[in-house]
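Participant: Fold the following for me, if possible:
(one chain, ligands or ions: 1)
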Amino acid sequence: MPGFIKPNSFQNFLHPIKTRIAPTPSGFLHAGNIFSFVITAGLARDLGAKVLLRIDDLDQDRVREPYLNNIFETLRLLEIDWTEGPADTDDFMANWTQLSRLDYYNQTLEALKNSGLVFACNCSRKQVGETNNGIYPGTCLNKKIDLDRDDVCWRWKPSITEQVYLQDYAKGTICHSFIESQQHFVIRKKDGMPAYHLASVLDDNYYKVNLIVRGADLYESTLLQLHLAKSIGLTSLEKSIFFHHPIITDASGQKLSKSAGALSIRSMQVKFKDNNKIFEQLSTQLQLTRKINNWFDLYLGYKEKNSHLFS
Ligand SMILES: [Zn+2]
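Facilitator: Residues are numbered from 1 along each chain as shown. Sure thing, here's the model as predicted:
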């Protein structure tokens, strides 16, 4: 069982507070994304935090320009503001793409290669998926495959026994045992790019983000990233505050992003034509009773309904 230690007031030790909205341009945004943005921007307003727009485009096979445009269109349509980050798609491509930080990622990858903290694995996705319910059983751990081969990914090597401390927005400091099934997570993908967890940790460090809002489905990812950050000497993540919001579901309990009725914001725009109708629709999806005129009303409605998360 995790242990709890309540902090006095984290606002006193985080200065300035900075959070981020971090969409991936691999599809049109849906209501689930929007609620996550609304909670992030709302918390930021409550706490006087800066908001970074950080678009995760490292998975270039899935990135499409219309999806990138859709991120800016949606944020503008809903009037959700950010204080740092790209102004539009062109600015993003010129100055903010993750590809512009490849040298920074590669420095860490090179250090990891020399540290003995990673091992090479040439198992196919299918092989890993077929064995042990998708949990990597450490097949290549002792094979000593050359890390420079171009058909391998790199996985985390150490057997993780230590505990991880997570600063939870509502609950205070939580001490967790590491999740054993995740311990050989991928650090570098077969295409040579840093995997999601490494890129995410490095980017949050690069931009000095210290308030991380994400869905509860990423709780395990948080533990893993905390462990990773500490192991590579980035101590800032352990001091960051995490707010994991429960996954937002529709009235039938289906996750919004997966639900058959979940419209992309783009299709809502086509269907409803005006913003008020879109806010009405979002409010109905959250089953709020408050009158909603803008994104901040949505946040306040959500906060009223889920006050235990904000105490
Ligand atoms: Zn393997």
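Participant: Please enumerate the helices of the stretch 201-311 of the chain.
Facilitator: Using DSSP state H, counting those that start in this stretch, the helices of the stretch 201-311 of the chain run over 219-231, 236-239, 265-272, 275-285, 295-305.
Participant: can you tell which of the ones you listed is closest to N69?
Facilitator: N69 lies closest to helix 265-272 among the helices of the stretch 201-311 of the chain, at 10.0 Å (Cβ to Cβ). C-betas here are computed from N, CA, C, even on glycine.
Participant: that older thread, where among the helices of the stretch 201-311 of the chain is the average confidence lowest?
Facilitator: For the helices of the stretch 201-311 of the chain, mean pLDDT drops lowest on helix 265-272, to a mean of 68.
Participant: Retrieve the pLDDT associated with L102.
Facilitator: At L102, pLDDT is 96.
Participant: Ok, L263 next?
Facilitator: At L263, the pLDDT value in this model is 61.
Participant: Near the ion, which residues of the stretch 51-200 of the chain are found?
Facilitator: Contact residues (Cβ under 5 Å from the ion) of the stretch 51-200 of the chain with the ion: C121, C123, T139, C140.
Participant: taking those residues one by one, which sit in strands?
Facilitator: Counting by DSSP state E, the members of those that fall within strands are C121.
Participant: quick revisit: would you point to the one among the helices of the stretch 201-311 of the chain that's packed deepest?
Facilitator: Across the helices of the stretch 201-311 of the chain, averaging neighbours per residue (mean count of other Cβ atoms under 10 Å) puts helix 219-231 on top, at a mean of 20.
Participant: Tell me which other helices or strands that one touches.
Facilitator: The helices and strands touching helix 219-231, judged by 3 or more Cβ pairs under 8 Å, 6 or more residues apart in numbering; DSSP states H and E, are strand 163-168, helix 196-206, strand 211-215, helix 236-239, strand 241-245.
Participant: export those to a markdown table and tack on distance to K277?
Facilitator: A markdown table is the format used below for the helices and strands packed on helix 219-231 (distance: least, Cβ to Cβ, whole Å):
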| stretch | distance to K277 |
| --- | --- |
| strand 163-168 | 36 |
| helix 196-206 | 35 |
| strand 211-215 | 26 |
| helix 236-239 | 40 |
| strand 241-245 | 25 |
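Participant: rewinding a little: so which of the residues of the stretch 51-200 of the chain next to the ion wins on neighbours?
Facilitator: C121 (22 neighbours; other Cβ atoms under 10 Å).
Participant: Local confidence estimate at the residue nearest to that one when sequence neighbours are not counted?
Facilitator: Leaving aside its sequence neighbours, C121 sits nearest to C140 (Cβ to Cβ, 6 or more residues apart in numbering; 4.1 Å). With respect to pLDDT, C140 has a value of 96.
Participant: Now for C140: which residues touch it?
Facilitator: F119, A120, C121, N122, C123, R155 (Cβ atoms under 8 Å, 6 or more residues apart in numbering).
Participant: Looking at the helices of the stretch 201-311 of the chain, which is nearest to the ion?
Facilitator: Of all these, helix 219-231 sits nearest to the ion, with 18.2 Å by Cβ to the ion.
Participant: what's near enough to touch the closest residue to A41 other than its chain neighbours?
Facilitator: Distances taken as Cβ to Cβ, 6+ apart place I80 nearest to A41, at 5.0 Å, with adjacent residues excluded. Residues near I80 by Cβ under 8 Å, 6+ apart: I21, F37, V38, A41, W295.
Participant: just D150 next, same as before
Facilitator: Taking Cβ under 8 Å, 6+ apart, one finds K190, G192 in contact with D150.
Participant: Tell me if it really is in a strand.
Facilitator: No: using DSSP: H, G, I helix; E, B strand; the rest coil, the secondary structure at D150 is coil, not a strand.
Participant: Can you give me the distance of it to L309?
Facilitator: Separation of D150 from L309 (Cβ to Cβ, to the nearest Å) stands at 45 Å.
Participant: again with F178
Facilitator: From F178 to L309 the distance is 25 Å (Cβ to Cβ).
Participant: How about L237?
Facilitator: In terms of Cβ to Cβ, L237 sits 21 Å off from L309.
Participant: now swap in A216 and tell me
Facilitator: Relative to L309, A216 is positioned 10 Å away (Cβ to Cβ).
Participant: residue ranges with poor pLDDT in the stretch 101-250 of the chain?
Facilitator: 160-161, 250 (pLDDT under 70).
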